[in-house]
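Novice: have a look at this prediction, sequence included:
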Amino acid sequence: MSSETNVYQMKGNNMGNIHKKLHNACNHASGVKKANKVSGMPFNPLLHDDVQKVAMAALLENGLYPTCNYITDVTDKFVVVTCTMKITDIDDPKSFIIIDGCTAIGKLDKYGTGQAMSYSRKYAFLNALNLKTGLDLEDGYNAKPFEQNSTEKSAEADPQYTDDRIEVEDIKSEIKKANSLKEFKAVAFKYKDHIQYLIKNNPRVYQQVKDVADTRELQLKNNQS
């Protein structure tokens, strides 16, 4: 049996110590600014190198060091890489925290596995430190409240699910922006592999994407009639 123990097995002082270090790292980490769009990309990317730079600075400053293990699965359409990140307290190496289940997909080419590894590691950093991200470093952190008579549904009444492996909001945004059935079908074809992945692995997110698609398709058909 390994001499190492995770945070659920540790007693008071050690557990408090590593959690306080991670809490302090989260509080003092700078935000990560999304990069500019490049040709053919529908959204502003959150680059792995930028996330790693911010995360590593915050972790090392607090005496924490991350290592990763990867599990790779190859399907007939893409490669799936799952990252398990272990964050160790360098002052007490038997004390660590596991960030598990961060998964990303890549194409079936010579770059796919490496890209999926980078993406899954990026999500592990984001999950560990809850890093601020956005087009500017305040996105989502100075949100304005709804007007008193707003008809917006509350998040509690209509929860919006997400998926760490797929840019779900960007897919829904492109669907809503389709101005014709031809454009709508082009978006559907563009993201067909992503949709198949959601069908198999995250049906709640898939259903919300499908609802957006069904609504937009009906609107476009009505516009033609």
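Specialist: Happy to help now that I have it. Numbers count the residues shown, from 1 in each chain.
Novice: SS state for the most centrally placed residue in the chain?
Specialist: Nearest residue to the geometric centre of the chain (CA atoms, centre = their mean): Asp164, 3.3 Å. Put simply, Asp164 is coil when judged by DSSP: H, G, I helix; E, B strand; the rest coil.
Novice: that one and Tyr197: what is the separation?
Specialist: According to CB to CB, to the nearest Å, Asp164 stands 12 Å off from Tyr197. (C-beta placed from N, C-alpha, C; glycine too.)
Novice: do the same with Lys37
Specialist: 23 Å.
Novice: okay, those two: which has more neighbours?
Specialist: Tyr197 (22 against 11; other CB atoms under 10 Å).
Novice: helix or strand: which one has the more buried one?
Specialist: Using DSSP states H and E, Tyr197 sits within helix 192-201.
Novice: quick check: can you list the domain ranges of this structure?
Specialist: 1-138, 166-225 (automatic domain parsing).
Novice: rank these by pLDDT, which is bottom?
Specialist: Mean pLDDT per stretch puts domain 1-138 lowest among the domains of the chain, at a mean of 81.
Novice: run the chain-centre distance for that domain.
Specialist: Put simply, domain 1-138 sits 10 Å off its chain's centre (CA atoms, centre = their mean, to the nearest Å).
Novice: name the residues of the longest helix along the chain that are buried.
Specialist: Determined from DSSP state H, the single longest helix within the chain is helix 203-224. Within helix 203-224, the residues scored as buried using 16 or more other CB atoms under 10 Å are Val205, Tyr206, Gln208, Val209, Val212, Ala213, Arg216, Glu217, Leu220.
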